[in-house]
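Asker: Quick one, what's the 3D model for this:
(2 chains)
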Number of protein chains: 2
Amino acid sequence: MVKAAILGFGTVGSGVYNVLNTNSELIKKRTGEGIEVKYVLDLREFPGHPVDDILTHDFNDIVNDPEVKVVAEVMGGIKPAYDFTKQCLLAKKSVCTSNKELVAKHGPELIKLAKENDVNYFFEASCGGGIPVIRSLNEALIADEIDEISGILNGTTNYILTRMSREGSLFDDVLKDAQDMGYAERNPEADIEGFDAQRKIAILSSIAFGKTVDHEKVYTEGISKITPSDIEFAKEFGCTVKLLAYSRHRDGKYHAFVAPFMVDRENPLYSVDGVFNAIFVHGNMLGDAMFYGSGAGSLPTASAVAADMAQAVKNEGRTVYNNWQEGSIELSPIDTFEGRFFVRIEKSDKETAKRVFGDQTAFKEIALAGSECAFITEVMSEKDFEEKASKLSGIKSRIRVK
Amino acid sequence: MVKAAILGFGTVGSGVYNVLNTNSELIKKRTGEGIEVKYVLDLREFPGHPVDDILTHDFNDIVNDPEVKVVAEVMGGIKPAYDFTKQCLLAKKSVCTSNKELVAKHGPELIKLAKENDVNYFFEASCGGGIPVIRSLNEALIADEIDEISGILNGTTNYILTRMSREGSLFDDVLKDAQDMGYAERNPEADIEGFDAQRKIAILSSIAFGKTVDHEKVYTEGISKITPSDIEFAKEFGCTVKLLAYSRHRDGKYHAFVAPFMVDRENPLYSVDGVFNAIFVHGNMLGDAMFYGSGAGSLPTASAVAADMAQAVKNEGRTVYNNWQEGSIELSPIDTFEGRFFVRIEKSDKETAKRVFGDQTAFKEIALAGSECAFITEVMSEKDFEEKASKLSGIKSRIRVK
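Answerer: Here you go, the predicted model:
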């Protein structure tokens, strides 16, 4: 049995402990060795819990134990996870993590450090919970040039949008309800303002495109301004509103952003509802493919961490190829991106809108929206759109159209 | 550059040649070596085509060339592919294939032979075209016990059902049209009677469950009896008709079958239309996950073969773990499987049906169906259903409900 440690016994950490125990026979058979958790690191006590016997409050117990070959870092955050991860890799222990903040911020350095020490830094669980998209990008799609990724990468916002769409409710009301039910954090900013999805699309794009996409440079809009009338108009146009994380490599230019989108019924992302995540990728040979599953939750995420640990055991002494190589990608500014826009305005502005955006633009009116109407533009750059929109007396909302 | 050979220059073979050439730089970077096609085996001539320079009609040129390390077997069928594959593996060349017939029939023997010779037998392209489901089952989901697979695994039948559903057309008319457009074979039996999906579900189940599922023992029904009125009734019940390949491991029992199913709107398979494939898997830790993409076509399938070839190069001298191990799985007879059934009958049989299937059963009537009506039963075993159904004066159709 290979000895392992789990750093952090929270939602994901306890899940990893569960997966390794529940499926221990199967993991033993498939890895040839099996994995035994020798330490769990947590500041808290767990009296009466089986984990109590292997609990430590001192990271040095783990890093100094040469028997420990693989470590699950499921603490989250940068401090002390960054320092602990580096120390483990330097001590020739593979590290497997669900920590998207750390991967987005220090991924390349940690991947390199793992390689220098003939171990692995795996982070399948950092994007899309249990969905095996990272391993697919790195290994299964190795003969393809991935030129586009679009995904629903945040379960909380998708849950909120799904309920707003089904019930016609206000954003604030659904958020409060989601918080009461544990689907949203008390401090929900990272989810609802898109920062969680921003980190995830940066990680996926770095793997797909082969160099670092800096998450802080990914243009990001959240969902807090979406109203019931946006959602009703979306239905009128045969669409639904989704928070998409998007990146694209075309004609030598890279774009990446996170924003609410109108998604039409033909798009496989249209029917991804509730806390589910889905990641759509396009390869130059493969064409379209999509990965769908539970984007969060203790066991799905833990399943991915445990699978990484099993792969680390199977690949002991050998660093598995990661397509995320050194160097960084310069993103083009969002105002050069071209697309269509849904726009909601006062009916009194309709004639001006027709003059500015073109006679052919089809307007819709719905009872719910009172004095408002909405239209979808032709394809134009973000910059052109902003210029045209500035000629109206005011727009109530604009949402990009996929 | 690692030297490779392609056996068969048909739809998939020419696609493999294309992928390896178009993406050669990228494959070189990711494998560290690159792949050069040294031979293409085909009985035909291709004058003027670049492949003409490397064309051979003699398999011995390939098997006796020690420089050739990886072979794409994309001939299809059992003879001579089976013999060629064995000879290549014995000559310590890895073999990558899209040949589902061969994998379903001789998979375990060829996997074992590869292992004995420290090479690989990869067959990602045999199920779901370019969708990376096999590598995910073998590697990414290594910490999960997969207990259920259900998939749309045949693009031709899904295309036909999608068009019947959209247009209300007759099966025979859509089939003829699909043949004219090249979406269905002149001899369509393998697709429309479910035998193609039967082989694929046997392969996927063998990997998921760890032992051989004999494809010939997988109960199989095709779609040729589906009528426009089945499809209209499906809509009335909020469903669509899909040909599903299904397998399940529960309470120590294994079931596997291929049959048309009513799939409701909440199911992610509901919106998988046209020639697309999707494979839904359930893991005991992961929960639900789905893989979606182009299930056929030259380039998507070739992308998977080329990715296998790249993996063979990266793993030279090392056999990658395959969860499909020795031994075989005994499938339980279909009559022990429990589910609900959609039943279409004459209105005159309605009272008898209520007596036999229970008062609570909800009947639907639609204009198109004239003197017919339809209902969906409660959950019962296939055997119970057959017994009850035999008490009616005759049923027009029965379709399982997912």
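
Asker: Confirm that A:C96 sits in a strand.
Answerer: Yes - the assignment for A:C96 is a strand, going by DSSP: H, G, I helix; E, B strand; the rest coil.

Asker: That one against A:C88, yeah?
Answerer: No - at 10.3 Å, A:C96 does not count as touching A:C88 under the criterion of Cβ atoms under 8 Å. Where you see a C-beta, it was placed from the backbone N, CA and C, and this is true even at glycine.

Asker: Is chain B within reach of stretch A:282-295?
Answerer: Yes - applying Cβ under 8 Å from any Cβ of the partner chain, one finds stretch A:282-295 touching chain B at A:283-294.

Asker: intersection of neighbour lists for A:C96 and A:C88?
Answerer: Residues touching both A:C96 and A:C88 (Cβ atoms under 8 Å, 6 or more residues apart in numbering or on different chains) are A:71, A:73.

Asker: What strands flank the helix or strand encompassing A:M290, and is each parallel or antiparallel?
Answerer: Assigned by DSSP states H and E, A:M290 belongs to strand A:287-294. Paired strands of strand A:287-294, with direction, are strand A:276-283 (antiparallel), strand B:287-294 (antiparallel) (DSSP bridges).

Asker: Let me know the average pLDDT across the first one.
Answerer: Translated: strand A:276-283. When pLDDT is averaged along strand A:276-283, the result is 96.

Asker: Pull the residues that contact it.
Answerer: The contact list for strand A:276-283 (Cβ under 8 Å, 6+ apart) reads A:127-129, A:131, A:133, A:137, A:141, A:144-155, A:158, A:204, A:208, A:268-269, A:272, A:288-296, B:130, B:303.

Asker: Next step: these restricted to helices.
Answerer: Within those, residues falling in helices by DSSP state H are A:133, A:155, A:158, A:204, A:208, B:303.

Asker: I figured the fifth one hits A:R248, correct?
Answerer: No - distance between A:A208 and A:R248: 10.1 Å, which falls outside the contact criterion (Cβ under 8 Å).

Asker: any common contacting residues for the two?
Answerer: What both A:A208 and A:R248 touch, as defined by Cβ under 8 Å, 6+ apart, is the set A:I149.

Asker: Any residues of the stretch 51-200 of chain A in contact with chain B? List them.
Answerer: For the stretch 51-200 of chain A, the contact set with chain B under Cβ under 8 Å from any Cβ comprises A:124, A:130-132, A:135-136, A:139-145.

Asker: Would you tell me which of the strands paired with strand A:287-294 gets closest to B:E316?
Answerer: B:E316 lies closest, by Cβ to Cβ, to one member of these: strand A:276-283, at 24.5 Å.

Asker: what pLDDT does A:K350 get?
Answerer: For A:K350, pLDDT reads 91.

Asker: May I have the secondary structure class of it?
Answerer: helix.

Asker: Tell me how far it lies from A:L392.
Answerer: A:K350 sits 10 Å away from A:L392, going by Cβ to Cβ, to the nearest Å.

Asker: Same list (the strands paired with strand A:287-294) but as JSON lines, adding distance to A:I27 and mean neighbour count.
Answerer: Formatted as JSON lines, the strands paired with strand A:287-294 follow (distance: least, Cβ to Cβ, whole Å; neighbours: other Cβ atoms under 10 Å in any protein chain shown):
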{"stretch": "strand A:276-283", "distance to A:I27": "25", "mean neighbour count": "24"}
{"stretch": "strand B:287-294", "distance to A:I27": "18", "mean neighbour count": "24"}
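
Asker: who wins for proximity to B:L26 among those?
Answerer: For B:L26, the closest of the strands paired with strand A:287-294 is strand A:276-283, at 10.7 Å, according to Cβ to Cβ.

Asker: Please name the bridge partners of A:C373.
Answerer: With DSSP bridges as the rule, A:C373 is bridged to A:I345.

Asker: Run through the helices of the stretch 151-300 of chain A in chain order.
Answerer: Counting by DSSP state H, counting those that start in this stretch, one finds helices in the stretch 151-300 of chain A at the ranges A:155-167, A:171-180, A:189-192, A:195-209, A:228-236, A:298-314.

Asker: can you put those helices in JSON lines and add mean neighbour count, distance to A:V379 and mean pLDDT?
Answerer: Shown next, in JSON lines, are these (neighbours: other Cβ atoms under 10 Å in any protein chain shown; distance: least, Cβ to Cβ, whole Å; pLDDT from 0 to 100):
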{"stretch": "helix A:155-167", "mean neighbour count": "22", "distance to A:V379": "24", "mean pLDDT": "95"}
{"stretch": "helix A:171-180", "mean neighbour count": "16", "distance to A:V379": "29", "mean pLDDT": "94"}
{"stretch": "helix A:189-192", "mean neighbour count": "19", "distance to A:V379": "29", "mean pLDDT": "95"}
{"stretch": "helix A:195-209", "mean neighbour count": "27", "distance to A:V379": "22", "mean pLDDT": "98"}
{"stretch": "helix A:228-236", "mean neighbour count": "20", "distance to A:V379": "19", "mean pLDDT": "95"}
{"stretch": "helix A:298-314", "mean neighbour count": "28", "distance to A:V379": "37", "mean pLDDT": "96"}
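
Asker: follow-up on the earlier one: from the ones in helices among the contacts of strand A:276-283, which is closest to A:R30?
Answerer: Using Cβ to Cβ, the ones in helices among the contacts of strand A:276-283 come closest to A:R30 at A:V133, 20.8 Å.

Asker: I'd say the closest one and A:I203 touch.
Answerer: No - look at A:V133 against A:I203 with Cβ under 8 Å: they stay out of range, at 10.0 Å.

Asker: on that earlier part again, I'd like the strands paired with strand A:287-294 laid out as JSON lines, including distance to A:I226.
Answerer: Converted to JSON lines, the strands paired with strand A:287-294 look like this (distance: least, Cβ to Cβ, whole Å):
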{"stretch": "strand A:276-283", "distance to A:I226": "19"}
{"stretch": "strand B:287-294", "distance to A:I226": "26"}
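
Asker: Against B:Y82, how distant is A:Y321?
Answerer: Distance from A:Y321 to B:Y82, by Cβ to Cβ: 32 Å.

Asker: typo on my end, it should be A:M181
Answerer: 56 Å.

Asker: And A:L153, by the same measure?
Answerer: Counting by Cβ to Cβ, the gap from A:L153 to B:Y82 is 44 Å.

Asker: For the two, work out which one has more neighbours and name it.
Answerer: A:L153 (31 against 18; other Cβ atoms under 10 Å in any protein chain shown).

Asker: and that one, what is it in contact with?
Answerer: Going by Cβ under 8 Å, 6+ apart, A:L153 touches A:127-128, A:196-197, A:200-201, A:204, A:245, A:277, A:279, A:295.

Asker: Report the two of those residues separated the most.
Answerer: By the measure Cβ to Cβ, A:D196 and A:I279 form the most distant pair in these, at 14.3 Å.

Asker: So which of the strands paired with strand A:287-294 is nearest B:D173?
Answerer: Checking the strands paired with strand A:287-294 against B:D173 by Cβ to Cβ gives strand B:287-294 as the closest, at 25.1 Å.

Asker: now the closest one: mean pLDDT?
Answerer: On average, strand B:287-294 scores 94.

Asker: Report the distance from that strand to the chain centre.
Answerer: The chain centroid and the centroid of strand B:287-294 are separated by 13 Å under Cα atoms, centre = their mean, to the nearest Å.

Asker: Restrict that strand to CA atoms and write it as PDB.
Answerer: Provided in PDB are the C-alpha atoms of strand B:287-294 (Å, rounded to 0.1, in the frame of the first residue of the first chain):
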ATOM      1  CA  GLY B 287     -22.600  10.500  -9.800                       C
ATOM      2  CA  ASP B 288     -23.700  11.400 -13.300                       C
ATOM      3  CA  ALA B 289     -21.400  12.400 -16.100                       C
ATOM      4  CA  MET B 290     -22.000  12.600 -19.800                       C
ATOM      5  CA  PHE B 291     -19.700  12.700 -22.900                       C
ATOM      6  CA  TYR B 292     -21.000  14.100 -26.100                       C
ATOM      7  CA  GLY B 293     -19.600  14.600 -29.600                       C
ATOM      8  CA  SER B 294     -19.400  13.500 -33.200                       C
END
